[in-house]
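Visitor: need a structure here:
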Amino acid sequence: MIARTTGAAIRGLLVALLVLTPALYLPVTSTNGTEIVVFLAILAFFLTFAEYNSSFPSFIEFRDAPPVNRLRFVGLMSMVTFLTLICKNAYTPTSLTTIFFSFGVGVANVVDFPYSPVRLIILMLPTDASAPLIELVRISASVAYVAALVTIASFAYAVKVRGWPTGNGAFNVWTNLPLFDPTKGGDVVTRLQRDGRLNICIGILLPFLIPALIKLLTDYADPISLSNPQTLIWTLSAWAFLPASMIMRGMATLRIANLIVEKRRAYSTAESTQTA
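Guide: Residues are numbered from 1 along each chain as shown. The predicted model follows:
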């Protein structure tokens, strides 16, 4: 009980710190910006604490199947931290922010090529965007996208090499997939495989579809202003993190489906041996 409560509190504090990171280092343009950020941090703390402190799951998946959520958090925290330091370099450059900005320039030179998701993000900007803003968006989008790819590769390593989730004991479908109803029609394996493939396909397409959709919506609504550094950080982090999270969920779901198939095959073989 004490260990679970302590772990839930630590997780809540880390998530709250994630929400506060850009506001701690960058200027707040809105008069109510500080109050809003603090409120969101407190809300994130209580939601995370309540989820991990409860014995009954609600909406967070794979909470008892590390390192899925740990990799998600590290990936998102890396994106937010890197982008915060890169944006801070435009206001009050230091030796640390200069290092991260130079690193971002090198990453952007590799990732920014024709028809890449990063190039689509740049084309999403209004025609009157200034050259410094375009360069900042280009660097930030490149770093966020690479961080997402590294997060996906890390989970792929955990699945293929480390054999996730077999190293963590029995996998509880009810606890780790609270939104999945195994009794809701059809074979469980078929449904898990379908959901896994669908998540992977959507995750791969989203980095290309989101900029195109935003570009289309600018004809009917005011475009998102990325000149605000905090808006830029959260927009690009969401653009990179959501597809990565969906791909990881798809990989995890396919892995669970394969484990069920192996269990069924082993049970069928054992039953055949006993009958013989």
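Visitor: pLDDT below threshold where in this structure?
Guide: 28-33, 219-223, 271-276 (pLDDT under 70).
Visitor: and Ser245, what element?
Guide: helix 229-275 (DSSP states H and E).
Visitor: now that helix: how far from the chain's centre is it?
Guide: 14 Å (Cα atoms, centre = their mean, to the nearest Å).
Visitor: for it, name the packing helices and strands.
Guide: On a contact count with 3 or more Cβ pairs under 8 Å, 6 or more residues apart in numbering; DSSP states H and E, helix 229-275 meets helix 2-25, helix 68-88, helix 131-160, helix 188-217. Quick note: C-beta positions are derived from backbone N, CA and C, even for glycine.
Visitor: what's the burial count for Ile2?
Guide: Ile2 has 6 neighbours, counted by other Cβ atoms under 10 Å.
Visitor: quick revisit: now the angle from the helix holding Ser245 to helix 131-160?
Guide: 10 degrees (axes from the mean of the first three to the mean of the last three Cα atoms, to 10 degrees).
Visitor: report the angle between helix 229-275 and helix 2-25.
Guide: Using the same axes, to 10 degrees: helix 229-275 against helix 2-25 is 150 degrees.
Visitor: circling back: which of the helices and strands packed on helix 229-275 sits closest to Met251?
Guide: helix 131-160 (6.0 Å; Cβ to Cβ).
Visitor: what's in contact with the helix or strand following the closest one?
Guide: Downstream of helix 131-160, the first helix or strand assigned by DSSP H and E is helix 173-176. For helix 173-176, contacts defined as Cβ atoms under 8 Å, 6 or more residues apart in numbering pick out 57, 61-65, 180, 182, 256.
Visitor: for PyMOL, write the selection for the buried entries among the residues you listed.
Guide: Restricted to buried positions by 16 or more other Cβ atoms under 10 Å, the PyMOL selection for those reads:
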select buried, resi 57+61+62+63+64+65+180+256
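Visitor: pull the most distant pair out of the contacts of helix 173-176.
Guide: Arg63 and Pro182 (17.7 Å).
Visitor: ok, Ser58 - contacts?
Guide: Ser58 touches 51, 178, counting by Cβ under 8 Å, 6+ apart.
Visitor: mind checking the SS state of it?
Guide: coil (DSSP: H, G, I helix; E, B strand; the rest coil).
Visitor: how about it, phi and psi?
Guide: phi -120, psi -60 (degrees, to the nearest 10).
Visitor: against Leu96, how distant is it?
Guide: Noted for Ser58: a distance of 39 Å to Leu96, by Cβ to Cβ, to the nearest Å.
Visitor: count of residues packed around Val15?
Guide: 21.
Visitor: now stretch 99-117 - C-alpha only, CSV.
Guide: Written as CSV, here are the backbone C-alpha positions of stretch 99-117 (Å, rounded to 0.1, in the frame of the first residue of the first chain):
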residue,chain,number,x,y,z
ILE,A,99,24.7,23.1,-27.7
PHE,A,100,21.1,21.9,-28.1
PHE,A,101,20.5,24.4,-30.9
SER,A,102,23.5,23.3,-32.8
PHE,A,103,22.5,19.7,-32.3
GLY,A,104,19.0,20.5,-33.6
VAL,A,105,20.5,22.1,-36.7
GLY,A,106,22.5,19.0,-37.4
VAL,A,107,19.4,16.8,-37.0
ALA,A,108,17.3,19.1,-39.2
ASN,A,109,19.8,18.9,-42.0
VAL,A,110,19.4,15.1,-42.0
VAL,A,111,15.6,14.8,-41.4
ASP,A,112,14.4,17.8,-43.5
PHE,A,113,14.2,16.5,-47.0
PRO,A,114,11.5,16.7,-49.7
TYR,A,115,8.1,15.0,-48.8
SER,A,116,9.3,14.3,-45.3
PRO,A,117,6.9,15.1,-42.3
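Visitor: that's all I had, so thanks and see you.
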